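# for reference, the sequence and a predicted model appear below.
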Amino acid sequence: MKNHYQLLVIGGGPAGLAAATVASAEGISCAVLDEQATPGGQIYRAIESIPEQRGKQLGSEYLRGKTIASEFRASDAEFYAETKVWSLNSEREVGVIRSNEADIISADQIIVASGAMERPIPFPGWTLPGVMQAGAGQILFKSAGIVPDNGVVLAGSGPLLLLLAWQYLHAGVEVKALLDVTPLSNHITALPKFPRALLAHQYLIKGIGYQIELKRAGIPMLFGVSDLRAEGEELCQRVCFKHSGKQKTIESELLLTHFGVIPHIWLTQSAGCKHQWDESQQCWRPEHDEWGNTDLPGILVAGDGAGINGARSAEHAGRLAGLEALFALGAISREERDRKAVKDRKWVRDERHIRPFLEKYYQIPKDMLATSDDKTIVCRCEEITAGEVRQAVREGHDNTNQVKFFTRCGMGPCQGRQCSNAVAHIVADEGGMPVEKMGHYRGRPPVTPLTLEQLAGLNKEDVL
Amino acid sequence: MNSDALIVGGGLMGSSIALQLAMRGCKCTVVEKASPGRHSSGVSAGGLRLLNRDPAEIPLSVEASKMWRDIASLVDSDCDARFPGQIRVAENKADMEKLEKRAALVRSLGYGHEEIIDRKELYQLVPALAPHCVGALINRTDGYARPYHALTAFRRKAESLGVEYHSSTEVFNFEKQGNDWQVRTSKRTFSSSVLVNCAGAWANKLSTLLNEPVPLTAKALALMVTERLPHFVDPVMGAASRKLSFKQMQNGTLIIGGALQAKLDFEREKTELDWTQLAKSAETVVSFFPQLKDVRVVRAWAGIESFMPDNIPVISQSQTDSNAYHAFGFSAHGFQLSPVIGKVMSQLILDGCSEIPLDAFHINRFNQ
């Protein structure tokens, strides 16, 4: 690894790989940094080594990743696997950890393609062993072929839940139920967005196809579920909820939940990029133009880390950011950039067609974003409950950061990833203010923890 | 609405002064341009250190030390204060001589709180310390508290006595009309008999408006905190000849500081960490406690603080208007002094003099 590149791409998912592939074709020095052992990101995890059978179970959208990864491998871009990025600043200095050693490298242009993370939603019992996020289930399946052997309840909202149910069905897993917590009223509020979604009918057809297969297989799919709880002594034993006005219980030691995904903004936040609240996607995201430029010169964003638009859109946005970086580096002219970008610009717009509908249809209800159950832990690291957060607001700590100062929520090793949104929603709810006014936790690097020895190692060169 | 005193700056100093004035029956208003404790008060390391104070500060710090011991009687909360002592470790003979000199100086001023301890006692107090150290200077009554909790306690108590806080209220300018100050802010104009400048890193703006500018520098100092660890060290640790400030908090996390400078864009109020500075600090910590090498740093941050060229604060009446007062420039060691600053400032404002002499802190020391 050199200590300076013309272009550094952080994240080896579809956006990052596409960006690096297009950019490295022009002879610039370019490297991709990723935590995983091979390219693909979360969506195409283990794509280069997936056994044929498991690949089929994961579906055709997953297998698309093969082309993206092989095109990237054929390019001149360097790939640094198992490399964690622990900081990014406005001067485009990037803190990395590789082979247990920390280093700081820099670049003229940086594309942050950090992807998405599952939206953490605290609900009663979510911290019990046996309650996990659906993404964890997918990671185990993709990377090691591990699936639940004693049945599973899936609960939450969003297309991934449906996809995972379908994948599990094909892998022979007993799906005891699929509980959809989006209010039935969403079906009506989403209707005005439906005509545009028809322009992306391939996604709708796919979604309906999954549902039909699940129904045929006899998997109970309950819509309009509320009051979701996991219960049990020491570990999850049953899933309780309300449906059609009745209390129901399903015995299960495994509950996988999914409440949509949100951009992974910890790096752009650490760099000091401007972020905005996206009401439709119910998340914060970095402000950017259609090329991915943030408000900080030389720092671009692409893919779901810039706002949730899915894997295919990420690929196009990645190429646009790659072209923009080349233009900024003087490697191509403005005309060349624009000419090469025509198709991707159109495709990025096309990929948006389905989104407004999905965002409305799968909108998470307010009472799940800000739990009313005072005993539910919201900050798992520091074990701070929703009640303590609400109490702090009542005592006059009226924004997210003051509540953090006072209660220590968000100050543990996960650095607030798990509770940032929930705390903002609870503070907003208790204070009767819109969530965008409450703010996000201020970024406190390192973005991922590093040890004192690794940190001390940054000074090695000075000693030598 | 007319106040007896308008305090600019809602940090610990402003809150402490407002509290003491309110206890003596004054009607006080605090205006804060961000939120209370947004800068140095909120991001402080929370050290309660009388050890190694500038001689001029010792009388104030001794009184502050007494006040912290019984802080709940003042603010109805113990502010999570603990008193395991603070020590400065000597790593060699030269260090030890330096510390002995210091102890002699403090004794010559008539104080006995700084004691030399030998190697044996040092390792009894801190068994986890690397074996190369030879002794230390200690103040057994020092400790630490939780800064934001302290700030909240001071503020709550002040509010309970009628002090009004106005957040997101930035002072633009002020002028005298008759006997009263008219203070124009981003929210509205306030009227007050007395004006108190506790604006921290922004204090020079106010003193300049009073025609007495000061050579104040705003700097950003960084701290880092680790994951929680089993309890292994009691006293707050410093070193005789290396930059180190290190303590294990009640919850097991380590707070590591020691005058580590971060980059500061003062106009935009933006700080950026300088990792090479933090790396040096990490190296120092690991050399004193090698067993900590695999401990993970989970957060680092920098806060904006005011520094005076002589590293001691301005605590004084204005030279240009007898109804204006200053308390700022604490140069990154104001936290411990905060209770006593409220006390002496209220005396200065209401009685014309304080029980502890403040001559060394007069603003006139910066006159050309």
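Structure received. Numbering: from 1, shown residues only, chains lettered A, B, ... in the order given.
# listing request: residues of the stretch 151-300 of chain B with sub-threshold pLDDT.
Of all residues in the stretch 151-300 of chain B, none has pLDDT under 70.
# and it, which residues reach chain A?
B:152, B:156, B:225-227, B:251, B:270, B:272-273, B:275-276, B:278-280, B:282-283, B:285-286, B:292-300 (Cβ under 8 Å from any Cβ of the partner chain). Yep, even glycine has a C-beta here, placed from its N, CA and C like the rest.
# now these: which count as buried?
Burial by neighbour count, judged by 16 or more other Cβ atoms under 10 Å in any protein chain shown, picks out B:152, B:156, B:225-227, B:272-273, B:275, B:278-280, B:282-283, B:285-286, B:292-293, B:295-300 from those.
# so where does the nearest residue to residue B:37 once chain neighbours are set aside fall, helix or strand?
Leaving out its chain neighbours, the residue that sits closest to residue B:37 by Cβ to Cβ, 6 or more residues apart in numbering or on different chains is residue B:151, at 4.2 Å. For residue B:151, the host element (DSSP states H and E) is helix B:147-160.
# likewise for residue A:351?
Here residue A:351 is assigned to helix A:334-352, by DSSP H and E.
# how is the chain divided into domains?
If you meant another chain, say so; for now it's chain A. Using automatic domain parsing, the domains assigned to chain A come out as A:4-117+A:262-332, A:120-259, A:370-438.
# oops, chain B please
Split by automatic domain parsing, chain B gives B:2-75+B:147-215+B:309-366, B:86-140+B:218-307.
# circling back to that earlier point, tell me what the helix holding residue B:151 is packed against?
Where contact means 3 or more Cβ pairs under 8 Å, 6 or more residues apart in numbering or on different chains; DSSP states H and E, helix B:147-160 is packed against helix A:400-407, helix B:12-23, helix B:40-43, helix B:71-75, strand B:164-166, helix B:338-351.
# mind putting the ones you listed in JSON lines, mean neighbour count included?
Shown next, in JSON lines, are these (neighbours: other Cβ atoms under 10 Å in any protein chain shown):
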{"stretch": "helix A:400-407", "mean neighbour count": "25"}
{"stretch": "helix B:12-23", "mean neighbour count": "29"}
{"stretch": "helix B:40-43", "mean neighbour count": "23"}
{"stretch": "helix B:71-75", "mean neighbour count": "17"}
{"stretch": "strand B:164-166", "mean neighbour count": "18"}
{"stretch": "helix B:338-351", "mean neighbour count": "22"}
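# Throw these into CSV and include distance to residue A:430, thanks.
Listed next are these as CSV, based on distance: least, Cβ to Cβ, whole Å:
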stretch, distance to residue A:430
helix A:400-407, 9
helix B:12-23, 24
helix B:40-43, 21
helix B:71-75, 25
strand B:164-166, 20
helix B:338-351, 30
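# what are the ranges of the helices in the stretch 151-300 of chain B?
B:203-209, B:275-288 (DSSP state H, counting those that start in this stretch).
# so what's residue B:252 up against?
By Cβ atoms under 8 Å, 6 or more residues apart in numbering or on different chains, the contact set of residue B:252 is B:228, B:229, B:230, B:231.
# quick one: name the residues of the stretch 151-300 of chain A near chain B.
So the stretch 151-300 of chain A meets chain B at residue A:272 (Cβ under 8 Å from any Cβ).
# which is the next helix or strand following the helix or strand hosting residue A:188?
Residue A:188 belongs to helix A:185-189 when assigned by DSSP H and E. Note on helix A:185-189: by DSSP H and E, the next helix or strand toward the C-terminus is helix A:194-197.
# sorry, back to before: the residue nearest to residue B:37 reaches residue B:41, doesn't it?
Yes. Residue B:151 lies in contact with residue B:41 (Cβ atoms under 8 Å); the separation is 5.0 Å.
# spell out which residues are contacts of both of those two.
B:11, B:12.
# about what we covered before: can you lay out the helices of the stretch 151-300 of chain B as JSON lines showing distance to residue A:403?
Listed next are the helices of the stretch 151-300 of chain B as JSON lines, based on distance: least, Cβ to Cβ, whole Å:
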{"stretch": "helix B:203-209", "distance to residue A:403": "28"}
{"stretch": "helix B:275-288", "distance to residue A:403": "27"}
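# show me what residue of the stretch 51-200 of chain B gets nearest to chain A.
Nearest to chain A in the stretch 51-200 of chain B, going by Cβ to the nearest Cβ, is residue B:148, at a distance of 4.1 Å.
# and the pLDDT for that residue?
We have a pLDDT of 89 for residue B:148.
# who touches it in this structure?
A:405, A:406, B:37, B:41, B:42.
# burial count for the closest residue to chain B within the stretch 51-200 of chain A?
Per Cβ to the nearest Cβ, residue A:89 is where the stretch 51-200 of chain A lies closest to chain B, at 5.4 Å. Per other Cβ atoms under 10 Å in any protein chain shown, the neighbour tally for residue A:89 reads 21.
# many thanks, we can stop here.
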